[in-house]
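Student: my questions concern the predicted model and sequence given below.
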Amino acid sequence: MAHRAILVDVTRCVGCGACVEGCQQSNQQPAHSARGFDEQTYTYLMDRGSDVYVRRLCMHCEQPSCASVCPVGALVKTAAGPVTYDPAKCMGCRYCMMACPFGVPTYEWYSATPRVRKCQMCEHRGDKGPMCAEVCPAEATVTGEREAMIAEARRRIEADPATYHPTIYGLQEAGGTDVLYIGPREPAALGLPRVPISHPMPDLTWRALKHVPDVVMFGGVFLGGLFWLTKRKEEVARVEGKGKDEGHE
Amino acid sequence: MSEDSTRPFRFGFWTAVSGVLVAALGIIAYFRFTRGIGAVTNLSDGFPWGLWIGFDVLCGVGLAAGGFAITATVHILHLKDFKPIVRPAVLTAYLGYMLVIVGLIFDLGKPWNIWHPIIMWNPHSVMFEVGWCVMLYTTVLSFEFLPVVLERFRFSKLLGVVRSVTPVAVVVGVILSTLHQSSLGSLFLILPHKVHPLWYSPMLPVLFFVSALAAGIGMTVVESFFSRRVFGRALETELLGRLSRASVVVLGVYLVLRLRDLWVREALETLWPLTREGLMFGAEVGLGAILPMVLLASASFRRSPRRLAWAQGLVVLGFIFQRLNVSVTAVEAATGQRYVPSVSEFTVSVSLVALGMWAFVLACRFLPIFPQEAEAEPATAPAGVREPVPVPVADVETVG
Ligand code: SF4
Ligand code: SF4
């Protein structure tokens, strides 16, 4: 299904930080310099040396771990693409933070009514899409439908194979994400998290969770059966006048 | 011979310690709820789950597993000899779950939303399943505990009704326990990148279930031993010996599962060269599972209640090690984050344990937890139930 994605082209990034500023404005955070994810920071630039800047933000996974583990559905993958968060539902278990393979969500540790914080792809801006893509002067962050973004990534790589590393980060990682990266080096060398699993992470849980109905049904019959069988044995034993139990040794 | 055999408390020192702990708990709670979790813990974005999840929740739930194991033994398998320890085991479980809930109130960012899973569903979340099971099982435990209260206040009519549904409650309780004991392990399945290979395994749910069983039995034995010392009542050494034989089997199953899993995943290689993780693993499996299994397997060893309690104490400790290794050691190793719980975190955990012990002692004093005159289920007891005599093997023959 067609939905929004973001393409980050590290090769084109000039490190101006317009996306970071735009993000803070769009999310009504005080302007500040950002060196990592924190409760006020949904995106920041990593300076990788020799003029290489790598933007980090929530990957908006196709099948997000964070949303799959959230017991109350406070985090959801919307049909339009963004993974959004509803603080009114959240109970603060922080399982989403544990589960995210990209280390994205942060927490308001010093608040009495804390919220999970992460990029929501400017869902509040509706069809205008994420602010970061709008303000980027170098087309290093662009947005559009996922298929179109993948095509654009391929086009850029093919047009200049000498500059670009052929990998598109986000096609495979954790079963695919809606934030895609291309750049001059392999993703690990750019400082992007190594996520070796290329199938959706929620499957790992589902393999165990899907047995729940079986445990209930077979468990019920099995335990009920044991109850009935041993009770019967006990009655028989009593009728036959064998007061003593056999269970000693 | 119920109340008068109770020795007067000699709790001066412990009362003082508990008083200090409860006061500290109040102060920490104040800061926790006004300044946030960060103000009292060493948790961070890189290490969002700490001691309160690893100990208060994972260990709390596991150590309460004796409740479902013993009720199942007596009410489903009809091994009535174990009846004298049903009530202490159910009480432990009940208190255990209460304390888990208190622990969660500290740990959850917004504990006032703790009921949300009731109306906001996400069946794909293990946490959702655990939440439901814990909720339902705590209700079941109230049912299993109710007869004690009803008996104390002599509501005989109601007592009959409640007792008649006991088997159903027990079956439901066992199913719920199986589900959430194992699901606490499933919580970590989605974190292959965050758990060291000595502990990450697709088998985690099974391992959590079996180890909880071992820990539950261990707790039951340890606590029977101590309640004898506090209440000066007869200890069913023979009974505890038989329970400990069950422990040997459970630990054996656990070790086979655990080691085979490590072998298959070729994770044992990470033990060389010896690292912190290797040492923690050694303590967990060697001292907390293999050693007590070997000790408990010896018949002469099992004859001394003190030694039984020690060996089962090792099982309990090994279990705590296992849970904390999964939730802390393994996560530290895999993520490169460092986490040492803050003094406040330790204080809360210790205070909760102290609260639990106090609640247990008080309940034993004021409720018929160790019933001597009234047998729990007269229907199955033969006419002439003998008064238990304070001789270890006395209770064994009172079976119908
Ligand atoms: S990157 Fe993390 S926070 Fe973002 S959608 Fe994926 S799992 Fe969720
Ligand atoms: S912290 Fe909130 S958003 Fe995250 S998993 Fe828990 S309930 Fe869901």
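Tutor: Perfect, I can see it now. Ligands and ions are numbered 1, 2, ... in the order given.

Student: can you list the low-confidence ranges for the chain?
Tutor: This is for chain A. Applying pLDDT under 70 to chain A flags the ranges A:1, A:241-249.

Student: I was thinking of chain B, sorry if that wasn't clear
Tutor: For chain B (pLDDT under 70), the answer is B:1-11, B:232-235, B:371-400.

Student: quick check: the residue of it nearest chain A.
Tutor: Of all residues in chain B, B:G109 sits closest to chain A, at 2.1 Å by Cβ to the nearest Cβ. The C-beta positions use only the backbone N, C-alpha and C, and glycine is treated the same way.

Student: B:S201 touches B:D261, doesn't it?
Tutor: Yes. Using Cβ atoms under 8 Å, B:S201 makes contact with B:D261 at a distance of 5.1 Å.

Student: so the two - more neighbours on which side?
Tutor: The neighbour count for B:S201 versus B:D261, taken as other Cβ atoms under 10 Å in any protein chain shown, is higher for B:S201 (23 against 16).

Student: centre-most residue in chain B?
Tutor: Central residue of chain B (Cα atoms, centre = their mean): B:L63, 1.2 Å from the mean position.

Student: what is in contact with B:S201 and B:D261 at once?
Tutor: Contact with both B:S201 and B:D261 is made by residues B:L207, B:A267, according to Cβ atoms under 8 Å, 6 or more residues apart in numbering or on different chains.

Student: about what we covered before: let me know the helix or strand that the residue of chain B closest to chain A is in.
Tutor: Applying DSSP states H and E as the criterion places B:G109 outside every helix and strand.

Student: just give me the neighbour total for the closest residue to it other than its chain neighbours.
Tutor: Closest residue to B:G109 apart from its sequence neighbours, by Cβ to Cβ, 6 or more residues apart in numbering or on different chains: A:G92 at 2.1 Å. Per other Cβ under 10 Å, the neighbour tally for A:G92 reads 23.

Student: spatially nearest residue to B:I76 (excluding sequence neighbours)?
Tutor: Of all residues beyond its chain neighbours, the one nearest B:I76 is A:F227 (4.8 Å), with distances taken as Cβ to Cβ, 6+ apart.

Student: quick one, what contacts that neighbour?
Tutor: Applying Cβ under 8 Å, 6+ apart, the residues near A:F227 are B:H75, B:I76, B:H78, B:P167, B:V171.

Student: what's the neighbour count on the last one?
Tutor: Neighbouring residues of B:V171 were enumerated by other Cβ under 10 Å; the total is 23.

Student: isn't it up against A:G225?
Tutor: No. Between B:V171 and A:G225 there is no contact under Cβ under 8 Å: 10.2 Å.

Student: excluding its backbone neighbours, what's nearest whichever residue of the stretch 251-400 of chain B sits closest to ligand 1?
Tutor: Per Cβ to the nearest ligand atom, B:T335 is where the stretch 251-400 of chain B lies closest to ligand 1, at 14.6 Å. Spatial nearest neighbour of B:T335, chain neighbours left out: B:K194 (5.6 Å); criterion: Cβ to Cβ, 6+ apart.

Student: now do the contacts for the one you found.
Tutor: Contact partners of B:K194, counting by Cβ under 8 Å, 6+ apart, are A:M98, B:F188, B:V331, B:A334, B:T335.

Student: repeat the analysis, applying 6 Å as the threshold.
Tutor: Shown in contact with B:K194 (Cβ atoms under 6 Å, 6 or more residues apart in numbering or on different chains): B:V331, B:A334, B:T335.

Student: so who does the spatially most central residue of chain A touch?
Tutor: Nearest residue to the geometric centre of chain A (Cα atoms, centre = their mean): A:P64, 3.9 Å. By Cβ under 6 Å, 6+ apart, the residues touching A:P64 are A:K77, A:V83.

Student: ok, so what distance separates it from A:F37?
Tutor: 16 Å (Cβ to Cβ, to the nearest Å).

Student: most widely separated two among the contacts of A:F227?
Tutor: B:H78 and B:V171 (13.1 Å; Cβ to Cβ).

Student: could I get the phi/psi values of the nearest residue to B:L158 once chain neighbours are set aside?
Tutor: In space, and not counting its chain neighbours, B:L158 is closest to B:L150: 5.5 Å by Cβ to Cβ, 6+ apart. Phi and psi for B:L150, reported as degrees, to the nearest 10, are phi -60, psi -40.

Student: would you confirm that B:L150 contacts B:G160?
Tutor: No. Using Cβ atoms under 6 Å as the test, B:L150 is too far from B:G160 to be in contact (9.4 Å).

Student: more crowded one of these two?
Tutor: Neighbour tally, B:L150 and B:G160, criterion other Cβ under 10 Å: the higher count belongs to B:L150, 18 against 11.

Student: and the gap between the more buried one and B:G216?
Tutor: 25 Å.

Student: how about A:E173?
Tutor: Taken as Cβ to Cβ, the span from A:E173 to B:G216 is 40 Å.

Student: same drill for these two, tell me which one is more crowded.
Tutor: Applying other Cβ under 10 Å to A:E173 and B:G216 shows that B:G216 carries more neighbours, namely 30 against 26.

Student: assign the residue nearest to B:T335 to helix, strand or coil.
Tutor: coil (DSSP: H, G, I helix; E, B strand; the rest coil).

Student: and for B:N42?
Tutor: Classification of B:N42 using three-state DSSP returns coil.

Student: swap in A:P71?
Tutor: A:P71 carries the three-state label coil when classified by three-state DSSP.
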